[in-house]
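Student: A predicted structure for the sequence below; I have some questions about it.
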Amino acid sequence: MDATDLAYAGIARQAQLIAAGEVSSRELVDVCLERIARLEGRLNAFRVVFAERVRMEADQADARRGAGGDRPLLGVPIAVKDDIDVAGEVTALGTNAAGGPASEDAEVVRRLRQAGALLIGKTNVPELTQWPFTESATFGTTRNPWDMQRAPGGSSGGSAAAVAAGLVGAALGSDGAGSIRIPAAWCGLFGLKPQRGRVSLAPRTRAWHGLSVNGVLTRSVADTALFYDVASGAIDSDVDKPPPPAVAFSQAAATPPGALRIAYSARVPPGVLSRPDAGASRALSETVELLRSLGHEVSERDPDYGPGAMAAVVVRYLRGIHDDAGTLAHPERLERRTRGMVRLGGLIPTAVIERALAGEAELARRLGSVLEDHDLLLTPATASPPPRIGQLEGRGALWTLNAAAGMVPYSGVWNATGQPAASVPAGFGPDGLPRAVQLVARPNDEATLLSLAAQLEAERPWAQQLPPEFS
């Protein structure tokens with residue numbers, strides 16, 4: 001296997017190669033670091049790279065394997081989104097307003113280390129992880145490997161760019177209103193937002209008042225499934241503790257789904273000025289036809305969004321940004337637009353947040369009614385292709401919020417309900433940019449989603465498609 005093939009192999013295959021002795025962890029790490037050194041200056045995917053540390057840890061992983069060590073991700077490098085704590089490193093959140101380094105690893109990082117994974121660096125985010133593009137005054141602009149004049153999405157934009165460009169096989173992300181699914185859609189990756197609480201947020205609790213979850217961006221369904229096998233599980237301090245899955249995630253991804261009943265809808269939730277463009281509509285219609293050809297029963301059915309679905313998201317999102325700003329050591333250093341978002345969040349009283357939380361069960365029941373007689377819901381992943389770099393530069397908080405919502409109207413409501421949803425690649429538009437669809441599952445049912453996504457991947461082997469400038 002040559003260096004490029006190894007770089008793009010994905011964490012499941014990389015783990016297999018290391019376990020079989022066909023490649024060493026040090027060889028894999030050196031491939032990733034060489035690509036980072038050569039390509040990172042064009043992408044700006046990483047805020048910091050742990051080059052010397054990860055080489056040392058790769059040598060240690062090889063020694064463990066030589067002594068008979070057997071861990072699921074032994075010696076495999078993974079990147080960490082810069083809103084997740086790594087002991088001894090600043091969690092910068094895309095700003096120079098943050099304080100000192102974290103004293104301990106976040107729980108998800110601890111689990112990855114326990115599984116044998118190596119941390120190769122921390123990836124860039126927009127300031128306070130608030131936008132579906134990754135541009136900040138402090139750390140600069142992250143670019144999309146498929147078109148360097150386009151955004152990779154956000155807020156897990158650095159993670160998506162790093163994986164899409166073959167700098168690393170997988171990268172941690174978080175998703176508070178689509179921040180895994182949006183960059184996955186725009187970078188040609190698979191991105192699953194798991195059930196709320198599936199992956200511990202510790203030391204954080206109920207980030208963005210329950211909207212945000214931790215997860216991963218990968219090239220393939222198998223890679224994502226392996227990650228959730230090793231990273232899932234609540235701890236005592238977690239507020240949300242979903243039941244354990246009936247089967248391992250990797251087993252679910254490897255099991256054919258059988259004939260499913262699938263609803264599809266292109267309807268945009270009320271309150272957002274948006275409509276899917278031709279590329280999004282085509283991705284949806286072609287996926288509907290593919291699903292039918294695979295023996296699934298597919299019918300058009302709109303979710304019952306009601307008038308308040310987006311409001312339930314926006315109040316928690318804005319207040320979450322406000323609350324995050326309050327934890328910073330130097331909030332006066334925040335960008336002007338961010339300070340505007342913080343002020344908007346400060347206008348939302350605690351009583352409004354409490355009403356939104358109290359209404360969550362009814363919102364979930366109403367939105368979930370489409371899944372009472374369907375196994376999954378299919379929607380566009382985004383309404384439009386990624387914005388051009390700097391397209392919203394200089395705009396104020398409200399302008400940017402409305403423009404961003406119009407680009408990505410389909411994702412946030414499923415953060416308010418907490419159930420699993422994933423962005424699944426669906427080919428390319430005439431502009432050469434990736435297109436995607438979203439699959440939404442019933443609560444706690446990542447298994448059905450992974451099974452169907454793996455079937456779609458077998459029909460559309462998207463992981464074989466590489467950005468031309470990075471292959």
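Tutor: Nice, thanks for sending it over. If you're wondering where the values come from, they're calculated on a predicted model, not measured in any experiment.

Student: Could I get the buried residue list for stretch 355-371?
Tutor: Across stretch 355-371, burial judged by 16 or more other CB atoms under 10 Å covers 356-357, 360, 363-364, 366-368, 370-371. From N, CA and C alone the C-beta is placed, and that goes for glycine too.

Student: And for stretch 391-410?
Tutor: Neighbour count says stretch 391-410 has 391-392, 397, 400-401, 403-405, 407-410 buried, by 16+ other CB under 10 Å.

Student: so can I have a markdown table of those residues showing distance to Glu289 and secondary structure?
Tutor: Formatted as a markdown table, the buried residues of stretch 391-410 follow (distance: CB to CB, whole Å; DSSP: H, G, I helix; E, B strand; the rest coil):
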| residue | distance to Glu289 | secondary structure |
| --- | --- | --- |
| Gln391 | 33 | coil |
| Leu392 | 35 | coil |
| Ala397 | 41 | helix |
| Thr400 | 36 | helix |
| Leu401 | 35 | helix |
| Ala403 | 32 | helix |
| Ala404 | 31 | helix |
| Ala405 | 29 | helix |
| Met407 | 25 | helix |
| Val408 | 24 | coil |
| Pro409 | 24 | coil |
| Tyr410 | 20 | coil |
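
Student: for those, which one is nearest Leu378?
Tutor: Within those, proximity to Leu378 (CB to CB) peaks at Tyr410, which comes in at 10.5 Å.

Student: In contact with the closest one, which residues?
Tutor: By CB atoms under 8 Å, 6 or more residues apart in numbering, Tyr410 lies in contact with 178, 268-269, 379-383, 438.

Student: where's Glu286 relative to Arg292, distance?
Tutor: From Glu286 across to Arg292, the span is 11 Å (CB to CB, to the nearest Å).

Student: residues in contact with the host helix or strand of Arg292?
Tutor: Following DSSP states H and E, one finds Arg292 within helix 278-293. Contact with helix 278-293 is made by 262, 264, 266, 276, 298, 378-385, 424, 426-427, 429-431, 433, 435-437, 456, 459-460, as judged by CB under 8 Å, 6+ apart.

Student: Columns pLDDT on top of the buried residues of stretch 355-371, output as TSV?
Tutor: Listed next are these as TSV, based on pLDDT from 0 to 100:
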residue	pLDDT
Ala356	97
Leu357	97
Glu360	97
Leu363	97
Ala364	97
Arg366	97
Leu367	97
Gly368	97
Val370	98
Leu371	98
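
Student: Let's have these in CSV, adding distance to Thr350.
Tutor: CSV is the format used below for the buried residues of stretch 355-371 (distance: CB to CB, whole Å):
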residue, distance to Thr350
Ala356, 11
Leu357, 10
Glu360, 16
Leu363, 19
Ala364, 22
Arg366, 25
Leu367, 25
Gly368, 27
Val370, 32
Leu371, 32
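
Student: Relative to Pro307, which of the buried residues of stretch 391-410 is nearest.
Tutor: Of those, the one sitting nearest to Pro307 (CB to CB) turns out to be Pro409, at 14.9 Å.

Student: thought that closest one was touching Pro270?
Tutor: No - using CB atoms under 8 Å, Pro409 is not in contact with Pro270, being 10.0 Å away.

Student: from the buried residues of stretch 355-371, which ones fall inside helices?
Tutor: The helices, defined by DSSP state H, take in 356-357, 360, 363-364, 366-368 from the buried residues of stretch 355-371.

Student: In JSON lines: those, plus distance to Ile84.
Tutor: Listed next are these as JSON lines, based on distance: CB to CB, whole Å:
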{"residue": "Ala356", "distance to Ile84": "25"}
{"residue": "Leu357", "distance to Ile84": "24"}
{"residue": "Glu360", "distance to Ile84": "25"}
{"residue": "Leu363", "distance to Ile84": "28"}
{"residue": "Ala364", "distance to Ile84": "26"}
{"residue": "Arg366", "distance to Ile84": "32"}
{"residue": "Leu367", "distance to Ile84": "28"}
{"residue": "Gly368", "distance to Ile84": "29"}
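
Student: closest to Arg198 among those residues?
Tutor: Closest approach between these and Arg198, by CB to CB: Ala364, at 16.0 Å.

Student: Find the nearest non-adjacent residue to that closest one, please.
Tutor: Nearest non-adjacent residue to Ala364, counting by CB to CB, 6 or more residues apart in numbering: Thr417, 4.1 Å away.

Student: Quickly note the distance from Val288 to Leu33.
Tutor: 43 Å.

Student: Pick out whichever of those two has more residues nearby.
Tutor: Using other CB atoms under 10 Å, the more surrounded residue of Val288 and Leu33 is Leu33, with 23 against 18.

Student: sec struct for the more buried one, please.
Tutor: Three-state call for Leu33 (DSSP: H, G, I helix; E, B strand; the rest coil): helix.

Student: Give the closest residue to it in space, chain neighbours not counted.
Tutor: Per CB to CB, 6+ apart, closest to Leu33 is Ala51, 5.6 Å.

Student: Just give me the neighbour total for the one you found.
Tutor: Ala51 has 16 neighbours, counted by other CB under 10 Å.

Student: now swap in Pro244 and tell me
Tutor: Other residues close to Pro244 by other CB under 10 Å number 12.

Student: Buried residues in stretch 32-41, which are they?
Tutor: For stretch 32-41, a neighbour-count test (16+ other CB under 10 Å) marks 32-33, 35-36, 39-40 as buried.

Student: Could you dump those into JSON lines and include pLDDT?
Tutor: Formatted as JSON lines, those follow (pLDDT from 0 to 100):
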{"residue": "Cys32", "pLDDT": "98"}
{"residue": "Leu33", "pLDDT": "98"}
{"residue": "Arg35", "pLDDT": "98"}
{"residue": "Ile36", "pLDDT": "98"}
{"residue": "Leu39", "pLDDT": "98"}
{"residue": "Glu40", "pLDDT": "98"}
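
Student: Closest one of these to Gly10?
Tutor: Nearest member of those to Gly10, counting by CB to CB, is Cys32, at 12.5 Å.

Student: measure the closest one to Arg316 for me?
Tutor: For Cys32 relative to Arg316 (CB to CB), the value is 36 Å.

Student: got it, and Leu112?
Tutor: Remark: distance between Leu112 and Arg316 (CB to CB) = 28 Å.

Student: for Asp147, same thing?
Tutor: Per CB to CB, Asp147 is found 32 Å from Arg316.

Student: Gly140 now?
Tutor: From Gly140 across to Arg316, the span is 29 Å (CB to CB).

Student: Show me which of these two is the more surrounded one.
Tutor: Between Gly140 and Arg316, Arg316 has the larger neighbour count (other CB under 10 Å), namely 28 against 12.

Student: Check the chain and tell me which residue is nearest its centre.
Tutor: The centroid of the chain falls nearest to Ile180 when counting by CA atoms, centre = their mean (1.8 Å).

Student: Isn't it up against Gly157?
Tutor: No - here Ile180 does not reach Gly157: they are 10.7 Å apart, not a contact under CB under 8 Å.

Student: Mind listing the shared neighbours of the two?
Tutor: Shared contacts of Ile180 and Gly157 (CB under 8 Å, 6+ apart): none.

Student: okay, the residue nearest to Ala364: pLDDT?
Tutor: Thr417 carries a pLDDT score of 98 in this model.
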